[in-house]
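Chemist: Attaching a predicted model along with its sequence, questions to come.
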Amino acid sequence: MTTQHQPVDAGGGTALLTEPPTQDPRPADTVVAGRSPARMAWKRIRRDKVTMAALVATLLFIAIALLAPVLTALTSWGPITPDNKAINPDTGNFPYGSLGGISAQHLLGVEPGTGYDLFARIVYGLRTSLYVGFASAVLSTAVGVVAGLAAGYFGGWVDSLLSRVMDVMLAFPQLLFIIALTPVIQNALQTNTHGGTDENLRLLVLVLNIAVFAWAYTARLVRGQVLSLREREFVDAARLMSAGRRHILFRQLLPNLWAPILISFALAVPQNITTEAALSYLGVGVIPPNPDWGALLSDASQFFLQDPMYLFVPGVLLLLLVLALNLLGDGVRDALDPRARRG
């Protein structure tokens, strides 16, 4: 509100009457604490009910995966322990009863033909999906950050070379090349001489293959941010103080990139989980009898008409997991970059 001034005569002169200044109601010794970007982002996330629901659902899925041995002990059936008494040989080894053999012993029923407990295989399959999704996202994000930092900061032939490599990687049909390379790489690294399959090696190959084709997205994002930040005053000040390249890259530039890096990571996890499920569905991912949601969907598609619950349960859970992670990633993006908030 504009302060009103009124001229008055005071002994032949003119004086101005002004309103008294507004006093701060807080005590003089009150300390006003600033809020960090992380606290401001967390405050925005807490205000977003959809993001909070997605966060709770994600934490619930992670807790179920971590507690898989405890949860399956309640039913006394492991993921690779068949229950031959739960399937009826007279009906083609389909489960007894309705709804896929759901009972007190088998909370989600059993697999037709094998008798595996579906609850145990889903819980342990969740472990596989989360492991591949998070591990490949961590690896691809790390490689992408280093490549993006180098390309954006050094420029010149380094930027040209890395940018061309990024373009090539982004142009690859990711799923087709992973399908072709996974068996080849595993056979080259196979150390089991007894003709079996090393499941840990199989998961490692999956993680590496997914990460190899995913790092370019993060690298392109980081490169664009670094091209803008390297011309800022704090970088020029560091150069004037004779700071080395390592100091500028990892102490000056990298701390200012945590927001786009976190956004990229949050959106990469559900994409990697979907890729892993697709690979297992096509038979080049996790190999039975080791549990995996993609392999479950592949097997269940053969028995959809006779036992629809076998397909419905893992399909809905995979949908909920990917949906929760996607919504969480969108919420993190909106919280860290309010200007990009959806309309």
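Modeler: All right, it came through fine. Numbers count the residues shown, from 1 in each chain.
Chemist: Buried residues of stretch 319-337, list them for me.
Modeler: 321-322, 324-336 (16 or more other CB atoms under 10 Å). Using the backbone N, CA and C atoms, a C-beta is placed for each residue, glycine as well.
Chemist: Check stretch 135-143 too.
Modeler: Ala135, Ser136, Ala137, Leu139, Ser140, Thr141, Val143.
Chemist: element containing the third one?
Modeler: Taking DSSP states H and E as the criterion, the element that holds Ala137 is helix 118-154.
Chemist: Centre of the chain to that helix, how far?
Modeler: Relative to its chain's centre, helix 118-154 lies at 7 Å (CA atoms, centre = their mean, to the nearest Å).
Chemist: Just the buried positions in that helix, please.
Modeler: Neighbour-count burial for helix 118-154 flags 118-137, 139-141, 143-153 (criterion: 16+ other CB under 10 Å).
Chemist: what comes up buried for the helix or strand that comes right after it?
Modeler: The helix or strand immediately downstream of helix 118-154 is helix 156-171, counting by DSSP H and E. For helix 156-171, a neighbour-count test (16+ other CB under 10 Å) marks Asp159, Leu162, Ser163, Met166, Met169 as buried.
Chemist: what's the answer for stretch 36-54, then?
Modeler: Neighbour-count burial for stretch 36-54 flags Ala41, Arg44, Ile45, Asp48, Thr51, Ala54 (criterion: 16+ other CB under 10 Å).
Chemist: show me the contacts for the nearest residue to Glu276 once chain neighbours are set aside.
Modeler: Leaving out its chain neighbours, the residue that sits closest to Glu276 by CB to CB, 6 or more residues apart in numbering is Val132, at 4.3 Å. Residues near Val132 by CB atoms under 8 Å, 6 or more residues apart in numbering: Leu203, Leu206, Val207, Ile210, Asn272, Ile273, Glu276.
Chemist: who's in contact with the residue nearest to the fourth one when sequence neighbours are not counted?
Modeler: By the measure of CB to CB, 6+ apart, the closest residue to Ile210 outside its immediate chain neighbours is Ser136, 4.1 Å from it. The neighbours of Ser136, taking CB under 8 Å, 6+ apart as the test, are Leu206, Val207, Leu208, Ile210, Ala211, Ala214, Ala268, Asn272, Glu276.
Chemist: Check the gap between Arg202 and Ala277 for me.
Modeler: The gap separating Arg202 from Ala277 is 15 Å, by CB to CB, to the nearest Å.
Chemist: Show me which of the two is the more surrounded one.
Modeler: Ala277 (28 against 20; other CB atoms under 10 Å).
Chemist: Surely the more buried one touches Ser129?
Modeler: Yes - taking CB atoms under 8 Å as the definition, Ala277 is a contact partner of Ser129 at 6.6 Å.
Chemist: what is in contact with these two at once?
Modeler: Contacts common to Ala277 and Ser129, judged by CB under 8 Å, 6+ apart, are Asp292, Trp293, Leu318.
Chemist: tally of neighbours for the second one?
Modeler: Pointing back at Trp293 there. Residues near Trp293, counting by other CB under 10 Å, number 25.
Chemist: out of everything not next to it in sequence, what's closest to it?
Modeler: Trp293 sits nearest to Gly125 (CB to CB, 6+ apart), 4.6 Å away.
Chemist: The first one now?
Modeler: Spatial nearest neighbour of Asp292, chain neighbours left out: Val286 (3.7 Å); criterion: CB to CB, 6+ apart.
Chemist: how far away is Phe119 from Leu74?
Modeler: In this view, Phe119 and Leu74 are 9 Å apart by CB to CB.
Chemist: can you list the weak-confidence ranges in the stretch 1-150 of the chain?
Modeler: Scanning the stretch 1-150 of the chain for pLDDT under 70 picks out 1-35, 75-107, 109, 112-115.
Chemist: Spell out the residue ranges of the helices in it.
Modeler: 37-47, 49-66, 68-73, 118-154 (DSSP state H, counting those that start in this stretch).
Chemist: Redo those as a markdown table? Include distance to His247.
Modeler: As requested, the helices of the stretch 1-150 of the chain are arranged in a markdown table below (distance: least, CB to CB, whole Å):
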| stretch | distance to His247 |
| --- | --- |
| helix 37-47 | 22 |
| helix 49-66 | 35 |
| helix 68-73 | 44 |
| helix 118-154 | 12 |
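Chemist: can you list the weak-confidence ranges in the stretch 151-300 of the chain?
Modeler: Along the stretch 151-300 of the chain, segments meeting pLDDT under 70 span 186, 188-199, 289.
Chemist: in it, which spans are strands?
Modeler: Remark: strands of the stretch 151-300 of the chain are absent; assignment by DSSP state E, counting those that start in this stretch.
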